[in-house]
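Engineer: No letters, just coordinates:
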C-alpha cells in the first residue's frame with residue numbers, strides 16, 4: 001500500500017464495541033484473573049501489565065509508525081529527546097564512542113555533551129561525509145549519528161553511502177528523521193539505516209499541541225556485534241538468540257520506558273495517531289509553499305543568503321533529490337547580522353516559536369534560542385550565524401506569506 005493509505009488504515013485495532021477509530025486507554029494498570037496469568041505476562045512480556053511499559057493506544061501508534069517508516073519494530077516515548085536518549089542508552093556502554101555529524105540540533109549536542117559524557121561515552125563530530133566518518137571510526141565506535149536534514153544547516157547526508165560504511169564497520173547508523181516527517185518526506189531505514197529516532201511533536205502532530213517521540217529499527221544481524229545482546233539477561237536468556245533483530249527495540253523499551261519511565265501518555269498517543277492521517281497532505285502543501293517562497297525571496301536585496309534543498313543551486317539539492325520526496329517545508333534566511341535579524345523578526349506578522357511542523361508558519365532565531373547554549377565556535381560549526389532565521393512553513397496561503405515576508409524585509 002502507498003503511504004497515504006497506510007496513514008489512515010495502519011494500526012487501527014479491532015474494537016469489541018465496533019468503534020471506528022482509536023480508543024484511549026486512560027488507565028495505569030491492567031489486571032489478570034489468576035496468579036498464573038499474571039506470572040505469564042511478567043515472564044513473557046505478552047499482554048499488558050502497566051502503562052509505563054506499553055498500552056493499547058500507544059501500541060496502535062507504534063503499528064502505524066512501523067507501516068509508515070517501513071520498520072521491523074517501533075517504540076514510542078514521551079518526546080523526541082527521550083527517543084534519542086533511549087536509543088543510545090540501548091546501544092552504548094562506558095568507554096564507547098559515537099561519530100556524530102556536525103550541525104546537529106542544539107539539544108542533541110547538549111545531550112551528547114552533558115549526559116553521554118557522564119556515562120563515559122565520547123562523541124566525535126565530523127562532516128557527515130563517508131570519508132570523514134570512516135577516518136573517525138575506531139574500535140570503540142558503536143554508533144554513527146546523523147540527521148536526515150541538518151537542523152538548521154539544511155544539509156542532507158548521503159544516507160546510502162553512510163549505511164554501507166556503517167554495515168562494513170559493524171556499527172549502527174542512527175538517523176534522526178524528525179525532518180523526514182514520519183516517513184512522508186524520507187524513510188532512512190529503506191536506505192540502510194539501522195535505527196531511526198524522531199520527534200513526533202513536529203509534523204506527525206501537525207498542530208503544535210502534543211509532545212512525542214519514537215525509535216524504529218529494521219531487520220538486521222548487526223546486533224550480534226554488541227556485547228549487551230550476547231550476554232544473559234535477568235531472565236537467563238541471550239537477547240540475540242531469543243529475539244534476533246527485535247532484541248534492540250526490546251532493550252529500548254526496557255531501558256527507556258520500564259526503567260527510565262519516559263512513557264508517552266495515551267492521550268498524546270491518540271492525538272499523534274490522528275495527526276499521522278494527514279501528515280502526507282500537510283507536508284506536500286507546506287513543501288510547495290516553501291519552494292514558492294524560496295524562489296521568490298532568493299536574490300532579494302535584504303537577504304544575504306537563502307537555503308532551501310529544493311532549489312537546484314542549493315548545496316544539498318543532489319542528495320535531497322535522491323532521499324527526499326520534495327524539497328521539504330523548511331528554509332532559512334541569513335539577513336547578515338543579529339541587528340537585521342532582530343528587525344526582521346520584530347516586523348514580521350507571523351508567529352515566532354522554537355518548534356517545527358506546525359500548521360502555522362513559525363520563525364525562530366537559532367543563534368539566540370535553540371543553539372544559544374553552545375559556544376560561538378560550535379554554533380558556527382553547526383551552520384548557525386547571528387543573522388540566520390529558520391522558517392517552518394505552515395498551511396497559510398502562499399501569496400499571503402510572501403506579502404508578509406516582503407513587508408518585514410522592508411524593515412531590515
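Structural biologist: The structure has been received and is ready for your questions. All of these numbers come straight from a predicted model, not from anything done at the bench.

Engineer: Tell me how far stretch 373-385 lies from the chain's centre.
Structural biologist: Computed by C-alpha atoms, centre = their mean, to the nearest Å, the chain-centroid distance of stretch 373-385 equals 21 Å.

Engineer: May I see the buried residues of it?
Structural biologist: Neighbour counts over stretch 373-385 (16 or more other C-beta atoms under 10 Å) mark 374, 378, 379, 381, 382, 383, 384, 385 as buried. C-beta: built from backbone N, CA, C; applies to glycine.

Engineer: swap in stretch 106-126?
Structural biologist: Going by 16+ other C-beta under 10 Å, stretch 106-126 has these buried residues: 106, 107, 108, 109, 111, 112, 116, 121, 123, 125, 126.

Engineer: re the thing from before, output the buried residues of stretch 373-385 in TSV; the columns should cover distance to residue 189 and pLDDT.
Structural biologist: Below are the buried residues of stretch 373-385 laid out as TSV (distance: C-beta to C-beta, whole Å; pLDDT from 0 to 100):
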residue	distance to residue 189	pLDDT
374	30	85
378	30	86
379	31	89
381	28	84
382	26	85
383	26	89
384	29	93
385	33	96
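
Engineer: Helices - which of these land there?
Structural biologist: 378, 379, 381 (DSSP state H).

Engineer: which among those gets closest to residue 134?
Structural biologist: Among those, residue 381 lies closest to residue 134 (C-beta to C-beta), at 20.0 Å.

Engineer: tell me the pLDDT at the nearest residue to the closest one once chain neighbours are set aside?
Structural biologist: Spatial nearest neighbour of residue 381, chain neighbours left out: residue 102 (5.4 Å); criterion: C-beta to C-beta, 6 or more residues apart in numbering. The model reports residue 102 with a pLDDT of 92.

Engineer: what does residue 271 give?
Structural biologist: Per-residue pLDDT puts residue 271 at 97.

Engineer: what's the helix or strand for it?
Structural biologist: Element membership for residue 271 (DSSP states H and E) is helix 266-275.

Engineer: Tell me which residues of that helix come out buried.
Structural biologist: Buried residues in helix 266-275, counted by 16+ other C-beta under 10 Å: 266, 268, 269, 270, 271, 272, 273, 274, 275.

Engineer: For residue 209, which non-adjacent residue is spatially closest?
Structural biologist: Of all residues not flanking residue 209 in the chain, residue 271 sits nearest, at 6.7 Å (C-beta to C-beta, 6+ apart).

Engineer: returning to that earlier point: pick out whichever of the buried residues of stretch 373-385 sits closest to residue 331.
Structural biologist: residue 383 (13.4 Å).

Engineer: Contacts only, for that closest one.
Structural biologist: Residues near residue 383 by C-beta atoms under 8 Å, 6 or more residues apart in numbering: 103, 150, 152, 153, 154, 155.

Engineer: Closest to residue 289 out of those residues?
Structural biologist: Nearest to residue 289, judged by C-beta to C-beta, of the contacts of residue 383 is residue 154 at 16.3 Å.

Engineer: mean confidence score for the longest helix seen in the chain?
Structural biologist: Criterion DSSP H: the longest helix present in the chain is helix 279-297. Helix 279-297 shows a mean pLDDT of 98 in the predicted model.

Engineer: got the buried residues for that helix?
Structural biologist: 279-280, 282-291, 293-294, 297.

Engineer: Which strands or helices does the strand ranked longest in the chain pack on?
Structural biologist: Taking DSSP state E as the criterion, the chain has its longest strand at strand 141-147. Counting by 3 or more C-beta pairs under 8 Å, 6 or more residues apart in numbering; DSSP states H and E, the packing neighbours recorded for strand 141-147 are helix 80-91, strand 97-101, helix 159-169, strand 172-176.

Engineer: neighbouring contacts of that strand?
Structural biologist: Outside strand 141-147, the residues that touch it by C-beta under 8 Å, 6+ apart are 88, 91-93, 96-101, 103-105, 108, 128, 133, 137, 157, 159, 162, 165-166, 169, 171-179, 226.

Engineer: next one: it to chain centre, how far?
Structural biologist: Remark: strand 141-147 is offset 14 Å from the chain centroid, using C-alpha atoms, centre = their mean.

Engineer: can you check stretch 73-80 too?
Structural biologist: 10 Å.

Engineer: do the same with stretch 53-69
Structural biologist: 16 Å.

Engineer: what's next to it, contact-wise?
Structural biologist: 1, 3, 6-7, 10-13, 22-25, 27, 48, 71-76, 177, 182-184, 187, 189, 196, 214, 216, 253, 257-258, 263-264, 266, 269-270, 272-273, 276.

Engineer: Brilliant, that's me finished.
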